[in-house]
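got a sequence here, can you build the structure:
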Amino acid sequence: MPTILTTRAIHSPTIFFSAQNDGKERNGNNGRRQSLKPSSSNDRSSKGQQRYQQISTSIGKPTKDIVIARENIGTTVSLTAAAFGIGYFLGSNQNAWLTQILNKLPFSRNKPVDMAEVVVNEGAKETYAELFLIDKLDSATKASKFRVVNDTVMGGVSSSAMMPPSPNSPAYSQFAGVIRLENNGGFASVRRALPNVDASDYKGVYLKCKAVMKERDEAKQFLLLAKDAECSRNFANFKSAFTVRADEWEVKLFPFEKCFKKGERMGRPIERGPLNVKDMTELGLMVLRGEEAQAGKFALDVQELGFYI
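Down below sits the predicted model:
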């Protein structure tokens, strides 16, 4: 099996994801950095046993700019620039006005995605042999890797953050916030950048999490977000919806073949292939408006994020 993620020499700029074990045994390398790939079938642990291995990722050379010709792109850019200029003179609500303009552009002609049409928990019947950790969110440093992207970028007033561990919950962080519908808003998210990771030897993404408040948060649909390099250039993403219980930790599985087949931009489908798992650039979490239960406060405890086989 080909090596997925490799480690460069010390003098090269390298990003290392967190190396974690299951807490019962220590890695015998005395803290030395190393690159690991999925174990062969002969070395894997029995089904259901969690083994965490280090994922180390080198920062590759920047790829050459790719000029992508798209229909009406000149018109889109011109109208967007004009909208910013006109909106500046309209006062404090220019972002909401800009949103109305963007909704009339060519890529906004499709019907918005209805939360009722989203398939929830597509990976519910999946199983895993091993888990490969990207982040164990047990520190403020780990939580700070998640940047906030809320509907404030389009005039909304929703809020969210990846809250770091507290003295009462030192082993995990919390994705928490408020979904508000004013100014046609209604989404909140946090995003974790990946340095162009090749995840083609993995089956999918996993998230270890649990709902905070049973009646409130178990009724909500959360979204796992994924981006590849093309998505990062074109402001698109892939989303997979899931629900979660409050009484115990769950390992939620998101298989690449099922969960990330259809991309979207601003809630509207786009014509392109499935997620390019050989060039992943971002993972994230989102709560999006839809059913009545989606509005208001929410909280999701998050302990781990990674890949699985």
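
residues in contact with the helix or strand hosting Ala161?
Here Ala161 sits within strand 159-163, counting by DSSP states H and E. Contacts to strand 159-163, defined as Cβ atoms under 8 Å, 6 or more residues apart in numbering, come from residues 137, 143-144, 146, 148, 150, 152, 173-178, 180, 188-190, 287, 302. For glycine as for every other residue, the C-beta is placed from the backbone atoms N, C-alpha and C.

for it, C-alpha coordinates in PDB please.
What follows is strand 159-163, C-alpha atoms only, in PDB (Å, rounded to 0.1, in the frame of the first residue of the first chain):
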ATOM      1  CA  SER A 159     -22.500  33.200  16.200                       C
ATOM      2  CA  SER A 160     -20.300  30.200  16.900                       C
ATOM      3  CA  ALA A 161     -16.800  29.100  18.000                       C
ATOM      4  CA  MET A 162     -14.800  26.000  18.900                       C
ATOM      5  CA  MET A 163     -14.600  26.500  22.700                       C
END
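
following it, which helix or strand comes up?
Assigned by DSSP H and E, the successor of strand 159-163 is strand 173-179.

where along the stretch 201-309 of the chain do the strands fall?
All strands of the stretch 201-309 of the chain, identified by DSSP state E, counting those that start in this stretch, fall at 204-211, 222-228, 238-242, 250-255, 264-265, 268-269, 280-288, 296-308.

before we move on, what's the pLDDT of Ser169?
On the pLDDT scale, Ser169 is placed at 89.

next one: it relative to Val244, how far apart?
Separation of Ser169 from Val244 (Cβ to Cβ, to the nearest Å): 16 Å.

which of those two has more neighbours?
Val244 (21 against 15; other Cβ atoms under 10 Å).

ok, for the more buried one, nearest residue in space, not its chain neighbours?
In space, and not counting its chain neighbours, Val244 is closest to Ala211: 4.9 Å by Cβ to Cβ, 6 or more residues apart in numbering.

hang on, isn't that neighbour packed against Glu248?
No. Ala211 lies out of contact with Glu248 (Cβ atoms under 8 Å); the separation is 10.0 Å.

run a quick neighbour tally on the residue nearest to Trp249 when sequence neighbours are not counted.
Ranked by Cβ to Cβ, 6+ apart and with sequence neighbours excluded, the top spatial neighbour of Trp249 is Lys210, at 5.1 Å. For Lys210, the neighbour count with other Cβ under 10 Å is 19.

Lys210 and Val251 touch, don't they?
No. Using Cβ under 8 Å, Lys210 is not in contact with Val251; the gap is 10.4 Å.

list residues touching both of those two?
Shared contacts of Lys210 and Val251 (Cβ under 8 Å, 6+ apart): none.

where are the low-confidence patches of this structure?
Flagging of the chain using pLDDT under 70 yields the residue ranges 1-118.

re earlier: the more surrounded of Ala211 and Glu248?
Ala211 (22 against 7).

what are the bridge partners for that one, then?
Beta bridges link Ala211 to Leu300, judged by DSSP bridges.

return the residues in contact with it.
Ala211 is in contact with Asp217, Glu218, Lys220, Val244, Arg245, Ala246, Ala299, Leu300, Asp301, counting by Cβ under 8 Å, 6+ apart.

ok, now Glu264?
By Cβ under 8 Å, 6+ apart, Glu264 lies in contact with Val113, Ala236, Asn237, Phe238, Lys239, Ile270.

how far away is the third one from Leu305?
From Asn237 across to Leu305, the span is 16 Å (Cβ to Cβ).

next, the distance between the ends of stretch 204-222.
End-to-end distance for stretch 204-222, by Cα to Cα, to the nearest Å: 17 Å.
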